[in-house]
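Chemist: From the sequence below, what's the structure:
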Amino acid sequence: MNGLPNNTVVLERAPIESLDLRVAESAPPQHFVDVTSGLPNGCAHFYGYELTLAGSTITVIVWNTMPADIRAACTMQYEVTVHAIPLGANLVPGRQYTLRINDKDTTFVAR
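Modeler: Alright, predicted model coming up:
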């Protein structure tokens, strides 16, 4: 993830609406999570994500940008955005993993 575009915005964790795991039938199998994240108002913009793997825990932080000035006038329009996030090629087949995305957790067994 690159630096912020300017000092007029701040990063906030995006609200996670849903996540769906899927496996691409490749050799080796590639695991992805389709993340639906919220944009809480008209000033919020999807910024990106960070992924880390520690043991059997995969942590993904999904970020939005928001105006740094809390007095910014924003429409009260809630929208969502969907992104396919690759979970990496280092997953061990048959091993159970915990996937944490912001405030949501799930478990799965790698193929």
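Chemist: Next up, phi/psi of the most centrally placed residue in the chain, please.
Modeler: Ranked by distance to the mean C-alpha position of the chain (CA atoms, centre = their mean), the top residue is Val62 at 3.5 Å. Val62 has phi and psi values of phi -100, psi 130 when expressed as degrees, to the nearest 10.
Chemist: I figured it was touching Ile16, is that so?
Modeler: Yes. In terms of CB atoms under 8 Å, Val62 counts as a neighbour of Ile16; the distance is 6.7 Å. All C-beta atoms are positioned from the backbone trio N, CA, C, and that covers glycine.
Chemist: okay, and the common contacts of the two?
Modeler: With contacts taken as CB atoms under 8 Å, 6 or more residues apart in numbering, the residues that reach both Val62 and Ile16 are 35, 37, 101-102.
Chemist: which one of those residues is nearest His45?
Modeler: Using CB to CB, Ser37 is the member of the shared contacts of Val62 and Ile16 that lies nearest His45, at 11.2 Å.
Chemist: residues touching Pro29, list them.
Modeler: Contact partners of Pro29, counting by CB under 8 Å, 6+ apart, are 23, 93, 110-111.
Chemist: Please identify which of those is nearest to Ile85.
Modeler: Nearest to Ile85 among these is Val23, at 13.5 Å by CB to CB.
Chemist: now for the strand or helix carrying the closest one, which elements pack on it?
Modeler: For Val23, the enclosing helix or strand under DSSP states H and E is strand 16-24. Packing partners of strand 16-24 (3 or more CB pairs under 8 Å, 6 or more residues apart in numbering; DSSP states H and E): strand 30-39, strand 96-101, strand 104-109.
Chemist: let's see 10 Å
Modeler: Contact partners of strand 16-24 among helices and strands, from 3 or more CB pairs under 10 Å, 6 or more residues apart in numbering; DSSP states H and E: strand 30-39, strand 57-67, strand 79-86, strand 96-101, strand 104-109.
Chemist: Can I get those strands in JSON lines including distance to Leu11 and mean pLDDT?
Modeler: Shown next, in JSON lines, are the helices and strands packed on strand 16-24 (distance: least, CB to CB, whole Å; pLDDT from 0 to 100):
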{"stretch": "strand 30-39", "distance to Leu11": "13", "mean pLDDT": "97"}
{"stretch": "strand 57-67", "distance to Leu11": "5", "mean pLDDT": "97"}
{"stretch": "strand 79-86", "distance to Leu11": "15", "mean pLDDT": "98"}
{"stretch": "strand 96-101", "distance to Leu11": "16", "mean pLDDT": "98"}
{"stretch": "strand 104-109", "distance to Leu11": "18", "mean pLDDT": "97"}
